[in-house]
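Undergrad: this one's structure only:
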């Protein structure tokens, strides 16, 4: 078969072109396939990436949700935790507001009681003497015996042409002990008359106030302060102003035995008692455990000022100061008070006594007082004693140590007092010591041949308290209430001391180890010991009942209103709740009955007098 060469070449070229075309198509197809494959891979990778991104987004959203849930949960927990704190803050603010309102009501009640008490005493004085209906001479003559003498010095300064001339007449007096010239300011305690006369001359009140009325009004106003001091001290001891109100009620119902200012205005004790009880209030504030340093400094300043005033106003102030310093030493000796507080109070007392000696032109009689000698002896013992008195393992050793230190202080007191009197040549108060020894039965008054002692023995005010007082004091429930409170307080003091001895733990720390007993309340233990000493003075000498019975009213009211003390007793007697209920019924019910009877009697008398 013959094939045409040209056709063959054409067919071959055609085939080659076709194969090329097919090759190109194949390559193109493969390229397209590769492109599809690459796009698929990209798609798959992008899908995977998208899925990863979606999963990461979901994880992030889940983590965000979880974190938000945790935040919400923490917020809920915080809110749950903050709710008690907020509730506590609300309660604390409510308690603080309640406490502030209680203090405001208590202080307002104290001012009202003090004002009306001073007006009541002035009304009694007016009814007793018809003071506004008699002449000036009769008014001055109503101040009898030494009362008239003291008032004459006030009038002497008021009537002088100048204040300096009046003061000169007092420092160069030749009328009182004629013909001898004496310094009245050094010889007698007449600083109150000088102060009153100075105020009358300085203030523009001469046209509104007569001198005699200004004089007696100052005394009655001070006795309003006296009642406020009793009220505030009972409030401070118990923590409730109702206890102060109860003390004031007892004070008023026993007025015949708590004060005689309505007919003995110029007496030195009438001027001094308000400052004595003001001093007791600030001493009580110093003795409290939770008092701050600033309050303690302020209280010590007022202790110094009030002590200075009653030392200046009363010649017998040293014999009132002696039981106070003994009681302070006693609660330190029993381990209830740190030594630093006792030293600070002693320093305030000593500074007041020495300042009074200087202001009285060097009246050295105060330097020979037993109170000053006792404080000096106590400071010597404090110096020799390293640190506070720590109870020993044995109660017997501890009590023997207390007894030994007490004997040492007493011996040092009498030695210091003896040498001071010998050095200064003091014999002015020897008759008082002779009188005390006569009361104790150590000396026979007729063998002493001391005129002053014999005069004191003859006067009724220096006799033993008569038995007629007991029914009167029991009728107002002062005596049974006082005996109950003082007995419980003394028992708690004894239990506190023995408990500390048995446990070998000092209680003079910032945090009391025996808070359920009187270890946490040294101020109440102080008043209990002081009241016992005042009771000895009042029972042995009738004139001292005006010191003891007001303090008995204070302590009775504070004891009945002292919640922590009765809670302690109730915890101790939890096996016998009926005893507490019966005691509360008789004490509180009896006091309410006495108050009702007394108020009814006063109202009936006032209605009857208005009808008549």
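TA: Sure, I can see it. Everything quoted here is computed from the prediction, not taken from an experiment. Numbers count the residues shown, from 1 in each chain.

Undergrad: And the helices in the stretch 451-600 of the chain, which stretches?
TA: For the stretch 451-600 of the chain, the helices defined by DSSP state H, counting those that start in this stretch cover 451-458, 469-475, 478-503, 522-540, 545-560, 563-572, 577-611.

Undergrad: do the stretch 151-300 of the chain as well
TA: Assigned by DSSP H, counting those that start in this stretch, the stretch 151-300 of the chain shows helices spanning 163-171, 184-187, 191-202, 211-238, 241-253, 255-258, 268-287, 293-313.

Undergrad: To residue 117, which of those helices lies closest?
TA: helix 211-238 (4.5 Å; C-beta to C-beta). C-beta coordinates here come from the backbone N, C-alpha and C atoms, glycine included.

Undergrad: Quick one: list the elements packing against the closest one.
TA: Helices and strands touching helix 211-238, by 3 or more C-beta pairs under 8 Å, 6 or more residues apart in numbering; DSSP states H and E, are helix 5-129, helix 136-141, helix 146-159, helix 191-202, helix 241-253, helix 268-287, helix 522-540, helix 545-560.

Undergrad: Comparing those helices by mean pLDDT, which bottoms out?
TA: With a mean of 60, helix 5-129 has the lowest mean pLDDT of the helices and strands packed on helix 211-238.

Undergrad: Let's have the helices of the stretch 151-300 of the chain in a markdown table, adding mean neighbour count and distance to residue 422.
TA: Listed next are the helices of the stretch 151-300 of the chain as a markdown table, based on neighbours: other C-beta atoms under 10 Å; distance: least, C-beta to C-beta, whole Å:
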| stretch | mean neighbour count | distance to residue 422 |
| --- | --- | --- |
| helix 163-171 | 15 | 29 |
| helix 184-187 | 18 | 21 |
| helix 191-202 | 19 | 29 |
| helix 211-238 | 23 | 38 |
| helix 241-253 | 24 | 43 |
| helix 255-258 | 19 | 40 |
| helix 268-287 | 24 | 28 |
| helix 293-313 | 19 | 23 |
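
Undergrad: who wins for proximity to residue 105 among these?
TA: Closest to residue 105 of the helices of the stretch 151-300 of the chain, according to C-beta to C-beta: helix 241-253, at 7.2 Å.

Undergrad: Could you give the number of residues near residue 498?
TA: The number of residues packed near residue 498 is 14, by other C-beta atoms under 10 Å.

Undergrad: so residue 437 makes contact with residue 443?
TA: Yes - with contact defined as C-beta atoms under 8 Å, residue 437 and residue 443 form a contacting pair (4.6 Å).

Undergrad: Please tabulate the helices of the stretch 151-300 of the chain in TSV, including the columns distance to residue 376.
TA: Below are these laid out as TSV (distance: least, C-beta to C-beta, whole Å):
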stretch	distance to residue 376
helix 163-171	31
helix 184-187	24
helix 191-202	25
helix 211-238	28
helix 241-253	34
helix 255-258	34
helix 268-287	19
helix 293-313	16
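
Undergrad: of these, which approaches residue 124 most closely?
TA: Checking the helices of the stretch 151-300 of the chain against residue 124 by C-beta to C-beta gives helix 255-258 as the closest, at 8.5 Å.

Undergrad: That closest one - contacts with which helices or strands?
TA: Identification of packing neighbours for helix 255-258 by 3+ C-beta pairs under 8 Å, 6+ apart yields helix 469-475, helix 545-560.

Undergrad: residues in contact with it?
TA: 251, 469, 472, 473, 545, 546, 549, 550, 553 (C-beta atoms under 8 Å, 6 or more residues apart in numbering).

Undergrad: follow-up on the earlier one: looking at the helices and strands packed on helix 255-258, which is buried most?
TA: helix 545-560 (a mean of 26; mean count of other C-beta atoms under 10 Å).

Undergrad: That one versus helix 268-287: what angle between them?
TA: Angle, helix 545-560 to helix 268-287, by axes from the mean of the first three to the mean of the last three C-alpha atoms, to 10 degrees: 30 degrees.

Undergrad: So which elements touch helix 545-560?
TA: If you count contacts as 3+ C-beta pairs under 8 Å, 6+ apart, helix 545-560 packs onto helix 211-238, helix 241-253, helix 255-258, helix 268-287, helix 478-503, helix 522-540, helix 577-611.
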